[in-house]
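S.K.: Just a sequence and a predicted model for now, questions to come.
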Amino acid sequence: MKIAIGSDHAGPALKAEIVQHFIEKGIEYIDLGVMEGEKCDYPDKAKEVCDKVTGGECDMAVLVCGTGIGMSMSANKLKGIRAACCSDYFSAKYTRAHNDANVLCIGARVVGAGLAIELVDVFMNTPFEGGRHQRRVDKITGLEGQ
Ligand code: RB5
């Protein structure tokens with residue numbers, strides 16, 4: 001399991017906490033910035049990070065912005081990306097189990113570091129259930145480009 005992670009300028013502090021968690025748990029990751037003091041527009045960072053997933057270098061991604069919403073809107077424009085903005089445990093779990101989400105978006109101005117790490121862990125560790133959910137996920141894919 002390899003995770004791509006990135007944020008805009010609202011997120012470097014929370015991103016750093018999540019990266020520290022990856023290091024402590026021995027989880028492979030690529031940190032695509034931005035770092036404290038740098039700025040970027042969230043659609044640009046969403047594209048850069050999601051390309052690592054659609055290109056096959058990473059299995060999943062975590063995107064952080066102020067609300068998590070701008071990142072999720074941007075990421076969901078990209079073919080093959082199913083991004084979910086989550087601020088509660090249940091949603092982070094079931095967007096994996098039912099939607100086969102491959103990108104978790106978190107709002108650094110919404111969620112504290114403790115909860116963010118719980119969200120990342122449950123997102124990474126919950127498998128897609130398939131079955132009846134596969135048909136629905138295929139229908140999401142069918143909406144791409146419409
Ligand atoms: C940047 O100030 C802020 O607008 C951005 O991080 C995010 O919250 C957008 O959705």
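M.R.: Looks like it came in fine.

S.K.: ok, which residues in this structure are in contact with the ligand?
M.R.: Contact residues, the chain versus the ligand (C-beta under 6 Å from any ligand atom): Asp8, Ala10, Tyr42, Cys65, Gly66, Thr67, Ile69, Gly70. Bear in mind the C-beta positions are built from the backbone N, C-alpha and C, glycine included.

S.K.: In contact with the fifth one, which residues?
M.R.: Read it as Gly66. Asp8, Ala10, Gly11, Gly107, Ala108, Arg109, Val110 (C-beta atoms under 8 Å, 6 or more residues apart in numbering).

S.K.: does Glu129 really touch His98, like I thought?
M.R.: Yes. Counting by C-beta atoms under 8 Å, His98 is a contact partner of Glu129 at 6.5 Å.

S.K.: Who has more neighbours out of those two?
M.R.: Counted by other C-beta atoms under 10 Å, Glu129 and His98 do not tie: His98 has more neighbours, with 17 against 13.

S.K.: was I right about that one contacting His133?
M.R.: Yes. Counting by C-beta under 8 Å, His133 is a contact partner of His98 at 4.9 Å.

S.K.: May I ask which of the contacts of Gly66 has the most neighbours?
M.R.: Within these, most neighbours by other C-beta under 10 Å means Gly11, with 28 neighbours.

S.K.: quick one on the thing from earlier: I'd like to know which of the contacts of Gly66 are part of strands.
M.R.: In strands, judged by DSSP state E, the following of the contacts of Gly66 are found: Gly107.
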